[in-house]
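Visitor: next come a sequence and a model predicted from it.
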Amino acid sequence: ALIGSPELIILDEPTSGLDPEGRDVLLDLVAQIPERTGASVLLSTHILPDVERTCDQVVVLADGTVRYAGDLAPLLRSKDDRFEVRVSGSAEAFKEHLEQVGCLVTAVADALEVRPPAGQGTSLILARAEETGAQVRHLAPLRMTLERAFFETLESDPSQGSPSP
């Protein structure tokens, strides 16, 4: 693919079918192409961690429409208004209690993603945990992943154009 010093290299699902070691080696090579050759790389893949690891620009397509095009970094910024919370005790009762005071709460794996009402924050979350007897084991700003950003982009209104990160 590098014969003739191309300005653009297009890779379609380059890690498909590779074992983990081969995948790591290939992704390291892909990440080095721009530095070593000056060529741009267009990477087409459904493996979003590969995109996070190798790309600095992304395009999100849905139903043939560009839903986002731009820098990757803004999509991966922590969200100051959302928190990842893990508790021991009754997570369901804690979740319901948070929702009763206006928090938007989503259960994801073993954690809760909590968006308190505007102007509220960790103190509200901790107070509700104490009231329900839930022990907070982890409380941190929500770290975005490309997968989470991808789904949020798809959920945004397509008539509004590219959503802001």
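Guide: It's in. Numbers count the residues shown, from 1 in each chain.
Visitor: list the buried ones in the lowest-mean-pLDDT helix or strand in the chain?
Guide: In the chain, no helix or strand scores lower on mean pLDDT, DSSP states H and E than helix 146-155, which sits at a mean of 82. Using 16 or more other C-beta atoms under 10 Å as the test for burial, helix 146-155 gives 146, 148-150, 152-153. (Each C-beta comes from the backbone N, C-alpha and C, glycine too.)
Visitor: can you list the domains in this structure?
Guide: 8-55, 77-142 (automatic domain parsing).
Visitor: helix or strand next in line after the lengthiest strand in the chain, which one?
Guide: In the chain, taking DSSP state E as the definition, the longest strand is strand 79-88. Toward the C-terminus, strand 79-88 is succeeded by helix 91-100 as the next helix or strand (DSSP states H and E).
Visitor: next one: that next one to chain centre, how far?
Guide: What separates the centre of helix 91-100 from the centre of its chain is 25 Å, taken as C-alpha atoms, centre = their mean, to the nearest Å.
Visitor: for it, list every residue counted as buried.
Guide: Those would be 91, 94-95, 97-98, for helix 91-100 by 16+ other C-beta under 10 Å.
Visitor: brilliant, that's me finished.
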